[in-house]
Structure formats: C-alpha cells, structure tokens
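[1] Attaching a predicted model along with its sequence, questions to come.
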Amino acid sequence: MRNMKHPDLTTKQGRKAWRHDMRMIAVRPRRYGLWLLTAGFLLLLTPSALDVHSLFGLWPPMLGAICILAGTPLLVASVLLRRRYAQQRLAGHAVVERIRG
C-alpha cells in the first residue's frame, strides 16, 4: 500500500491505469458469482425449456435457487472489496500529502 501512488486522472494513460487497477480487484469472487448466477438462472429455466424434471435426483429449480443464493454474496463481497481498496488507496494519498505539507 505504501508504494502505490495516487492516480493521475487528468491524462488518458492515468485513467486507463486506474480502470485496469480497479478491474483487477476481487476478480475471482466476481467471476465465480457471475458463473453461479448464470448457472442458477439456466437451471431455473431448464424444466420449462427442456422438459427436464430431475438432475442427479434433484429438482432443477431448487438447484438454481441454491446457485443464485450462493452467487449473490460473492458479488456483494467483490463490490465491497473494490470499494474498500479504492478508499484505502485514496486515503493513503491524502495522508502522504498531509505529511509532505
């Protein structure tokens, strides 16, 4: 955290670096959450679309609901991690500026 510098958002390269940096925060929870939400939605549609009423002895809408309920906290966690990272990074810059005076 100490060696991170405040992004220069006035230049195109600075904005591009900031966007890339923010995209790389909490990649796995966001990716897994989106996969689970997609799988859950597809499982909810399975009985009506493909006339499948049992997957591995389980009811597809129930599996879909479980996937959606498991994916939602992952997406919320990724948003909170991204927010916390941005706040800490910008707060760290404010502290450095106060020290430099």
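    Cool, the structure landed.

[2] ok, Thr72 touching Gly33?
    Yes: assessed by C-beta atoms under 8 Å, Thr72 is found in contact with Gly33 at 7.1 Å. C-beta: built from backbone N, CA, C; applies to glycine.

[3] Of those two, which one has the most company?
    For the pair Thr72 and Gly33, the greater number of neighbours falls to Gly33 (22 against 14), based on other C-beta atoms under 10 Å.

[4] Next one: the more buried one from Leu81, what distance?
    For Gly33, the distance to Leu81 equals 12 Å [C-beta to C-beta, to the nearest Å].

[5] Which positions in stretch 20-27 come out as buried?
    Across stretch 20-27, burial judged by 16 or more other C-beta atoms under 10 Å covers 25-26.

[6] name the element Ile68 belongs to?
    If you go by DSSP states H and E, Ile68 is part of helix 60-100.

[7] by contact count, what packs against that helix?
    If contacts are counted by 3 or more C-beta pairs under 8 Å, 6 or more residues apart in numbering; DSSP states H and E, helix 60-100 sits against helix 12-23, helix 27-50.

[8] which of the ones you listed is buried the deepest?
    Neighbour counts (mean count of other C-beta atoms under 10 Å) averaged over each of the helices and strands packed on helix 60-100 peak at helix 27-50, with a mean of 15.

[9] before we move on, back to that, pick out the shakiest of the helices and strands packed on helix 60-100, pLDDT-wise.
    Lowest mean pLDDT within the helices and strands packed on helix 60-100: helix 12-23, at a mean of 85.

[10] Export it to CSV, keeping only CA atoms.
    Taking Å, rounded to 0.1, in the frame of the first residue of the first chain, the C-alpha atoms of helix 12-23 are listed here in CSV:
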residue,chain,number,x,y,z
LYS,A,12,-5.6,9.3,-20.7
GLN,A,13,-2.9,6.9,-19.5
GLY,A,14,-3.7,7.6,-15.9
ARG,A,15,-7.4,6.9,-16.4
LYS,A,16,-6.6,3.7,-18.3
ALA,A,17,-4.2,2.6,-15.5
TRP,A,18,-6.9,3.4,-12.8
ARG,A,19,-9.6,1.4,-14.7
HIS,A,20,-7.2,-1.6,-15.1
ASP,A,21,-6.3,-1.4,-11.5
MET,A,22,-9.9,-1.4,-10.4
ARG,A,23,-10.8,-4.2,-12.8
